[in-house]
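Test case, fold it:
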Amino acid sequence: MAAKLSIYAYYIKNSLNLTQIEQNSPVLSIFSLARKERNLLVFTAGENQYLCVYAFGVVTVCGIEDKTRIGELLKLLSYGEDLEEGQDPKIQPEDYAIAVDKEASESVEFDHVKLKTLTLEKFLLLSHVMAQSVAIDFVERRITDTQQALENIHSSLASHGKLVGTNTRSILKTVGMSGKMVYFMVTRLSLLDKPDITWEDKDAEVLFLNLRKMFELDDRFEALRFKLEFIKDSSETLMDIIGARRAQVLEIIIIVLIAIEIIFALIGIM
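Just a heads-up that it's a prediction; the model follows:
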């Protein structure tokens, strides 16, 4: 009979300070540091009990079913900080299962992955994919919010022929947010990178690719790229409008200053 383990991935915040977490690791009680990578800390508390902390703000937990205990761990890892600006507390955690059966063939199913044996490397492949998946949920929500803001601005342009009900500051914040999301996806989330083990182990690469397909990471990434292209084009249009408006204001100021100078000159002559 297959032994099943549950694994959960939680989005905590935009980023986690791994150095600070490592230095304060004793607060994690029974967990001890098992592996350290550039953007990842792996803790273990015994056989098939893992805790992974990713620099891009996601924590995965395996082998612990006590939700209260998990909540305490997440609070410790975030050090009780308030939600960062823009974070959506309604982002649901990803959940998946690992079925370990020495007799069964390995496969990736809808709600679980079948493995002959559970090794740390195999767990990290699943953890990596789930962490990226829940982080993509965060990006999707932020992009949706940005699209809504841009839609409101474009509606104003369509109705009034000018920017009404908004200001340069809010537009620049919207433009900056789209650039921040691109940076987060490509640089911090490393959606285009594969774990090192996949370059060395063919079976690990097959498992990783099947997991990515199961969680639809590539399709979701392409959808996000399309949305970001729209946001980028809209942002460039808005920046052109802002630039033209500023140029117009400067022209008016120059004209007013010239008029004032002429008036003073006439007064002097008179």
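
CA atoms for contacts and neighbours, from now on please.
Noted.

Outside of the longest strand along the chain itself, list whatever touches it.
Across the chain, the longest stretch assigned as strand under DSSP state E is strand 3-11. Outside strand 3-11, the residues that touch it by CA atoms under 8 Å, 6 or more residues apart in numbering are 57-65, 91-101, 127, 130-131, 134-135, 138.

Quickly note the distance from I70 to K227.
34 Å (CA to CA, to the nearest Å).

for Q92, that is, sorry about that
In terms of CA to CA, Q92 sits 22 Å off from K227.

Over to L76?
In terms of CA to CA, L76 sits 35 Å off from K227.

now swap in L77 and tell me
Taking CA to CA, one finds L77 at 32 Å from K227.

between these two, who's got more neighbours?
L77 (23 against 17; other CA atoms under 10 Å).

quick one: contacts for the more buried one?
Contacts for L77 (CA under 8 Å, 6+ apart) come out as I21.

For it, what are phi and psi?
L77 has phi and psi values of phi -70, psi -30 when expressed as degrees, to the nearest 10.

State the pLDDT value of it.
Among the per-residue scores, L77 shows a pLDDT of 81.

Then the one 4 residues further on?
E81 is assigned 45 on the pLDDT scale.

likewise T187?
Per-residue pLDDT puts T187 at 66.

got it, and the one 4 residues further on?
Confidence per residue is given as pLDDT, and for L191 that number is 63.

The one 4 residues further on too?
At P195 the predicted local distance difference test score is 75.

so who does it touch?
So P195 contacts L125 (CA under 8 Å, 6+ apart).

a helix runs through it, doesn't it?
No. Membership of P195 in a helix is not supported by DSSP: H, G, I helix; E, B strand; the rest coil, which gives coil.

Show me where the stretch 1-150 of the chain has its helices.
Taking DSSP state H, counting those that start in this stretch to define them, one finds helices in the stretch 1-150 of the chain at 18-23, 67-78, 120-160.

okay, the shortest one in CSV with CA atoms only?
In other words, helix 18-23. Extracted as CSV, the C-alpha positions of helix 18-23 are listed here (Å, rounded to 0.1, in the frame of the first residue of the first chain):
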residue,chain,number,x,y,z
LEU,A,18,17.5,33.9,3.8
THR,A,19,20.5,35.1,5.7
GLN,A,20,18.4,36.4,8.5
ILE,A,21,16.3,33.2,8.6
GLU,A,22,19.5,31.0,8.7
GLN,A,23,20.9,33.1,11.6
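
Can you spell out which helices and strands pack onto that helix?
Under the contact definition 3 or more CA pairs under 8 Å, 6 or more residues apart in numbering; DSSP states H and E, helix 18-23 sits against strand 40-46.

Buried residues, the strand it packs on. List them.
In terms of neighbour count (16 or more other CA atoms under 10 Å), strand 40-46 has its buried residues at 40-45.

just checking, what packs against it?
Partner elements for strand 40-46 (3+ CA pairs under 8 Å, 6+ apart): helix 18-23, strand 32-37, strand 49-54.

Name every strand pairing with that strand and say which way it goes.
The strands beside strand 40-46 in its sheet (DSSP bridges) come out as strand 32-37 (antiparallel), strand 49-54 (antiparallel).

Report the mean confidence score over that strand.
Rounded mean pLDDT across strand 40-46 is 89.

got a list of contacts for it?
18, 22, 30-36, 50-55.

now it and helix 120-160, what's the angle there?
130 degrees (axes from the mean of the first three to the mean of the last three CA atoms, to 10 degrees).

Let's see strand 40-46 as CSV, backbone CA atoms only.
Taking Å, rounded to 0.1, in the frame of the first residue of the first chain, the C-alpha atoms of strand 40-46 are listed here in CSV:
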residue,chain,number,x,y,z
LEU,A,40,16.8,28.4,-1.1
LEU,A,41,17.1,27.0,2.5
VAL,A,42,16.1,23.4,3.1
PHE,A,43,15.3,22.3,6.7
THR,A,44,14.4,18.8,7.9
ALA,A,45,12.9,17.4,11.0
GLY,A,46,13.3,13.7,10.3
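
so how far is it from its chain's centroid?
22 Å (CA atoms, centre = their mean, to the nearest Å).
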